[in-house]
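J.: with the input below, show me the fold.
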Amino acid sequence: GTLSGIWLAAQAGAPAHDVASVEAVAGEGLAEDRYRDHTGTFSARGGAGREVTLIAQEALDALARDHQLTLTPQMARRNLVTLGVPLNDLVGREFWVGEVLLRGVRLCEPCQTLAESSGLGAPLIQALLHRGGLRADIVRGGLIQTGDRIHPLG
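T.: Residues are numbered from 1 along each chain as shown. Here you go, the predicted model:
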């Protein structure tokens, strides 16, 4: 698959903005993103899987098609938007995004914060269950760019 978008937010609640590329720092997160700076909504919880979040464009498309819910990448507040990548299959696996090696940690299930910030409410949580994306950590850093190829390690 490929990387179709990169989204960052400077702090919790700040609007996400798209960029063409971003530096991924191993063990920390994405440059200029709230979770690397420990200012994200869930930063205080700690633990693995807080460095990068991904969501499939196909999941966003299915929300609109099957549930008439429009969730844009900006509203989804995930860092990386993928195309043609079965994200759920990457839990517990290492994978490449261009020159950067990530480790899928756990699913990024929809939550009340997302339901409220998107304005879509409770229907979003049920519609996006098990399709809300992937939480990952950065194993080997480098530059991530829109259009990068995404594939499993090995």
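J.: off-centre distance for the host helix or strand of V105?
T.: Using DSSP states H and E, V105 maps to strand 100-107. Distance of strand 100-107 from its chain centroid, counting by C-alpha atoms, centre = their mean, to the nearest Å, is 10 Å.
J.: and it, what's buried?
T.: By neighbour count with 16 or more other C-beta atoms under 10 Å, strand 100-107 contains the buried residues V100, L101, L102, R103, G104, V105, L107. Yep, even glycine has a C-beta here, placed from its N, CA and C like the rest.
J.: so the first one bridges to which residues?
T.: So the one you mean is V100. V97 (DSSP bridges).
J.: distance check, it against L8.
T.: Distance from V100 to L8, counting by C-beta to C-beta, to the nearest Å: 15 Å.
J.: burial check on the residue lying closest to Q112 once chain neighbours are set aside, number of neighbours?
T.: Among residues not flanking Q112 along the chain, I125 sits closest, at 7.3 Å (C-beta to C-beta, 6 or more residues apart in numbering). Neighbour count of I125, defined by other C-beta atoms under 10 Å: 16.
J.: same check, this time on D37
T.: D37: 15 neighbours (other C-beta under 10 Å).
J.: from what I can see it touches Q11, true?
T.: Yes. With contacts counted by C-beta atoms under 8 Å, D37 reaches Q11, the gap being 7.3 Å.
J.: hey, which helix or strand in this structure has the poorest pLDDT?
T.: Using mean pLDDT, DSSP states H and E, helix 112-118 stands out as the lowest-scoring helix or strand of the chain, at a mean of 86.
J.: which elements pack onto the following helix or strand past it?
T.: Using DSSP H and E, the helix or strand that follows helix 112-118 in sequence is helix 122-128. With contacts taken as 3 or more C-beta pairs under 8 Å, 6 or more residues apart in numbering; DSSP states H and E, helix 122-128 sits against helix 57-67, helix 112-118.
J.: for E51, find the nearest of the ones you listed.
T.: E51 lies closest, by C-beta to C-beta, to one member of the helices and strands packed on helix 122-128: helix 112-118, at 18.4 Å.
J.: okay, buried residues for that closest one please.
T.: For helix 112-118, using 16+ other C-beta under 10 Å, the buried residues are L114, A115, S118.
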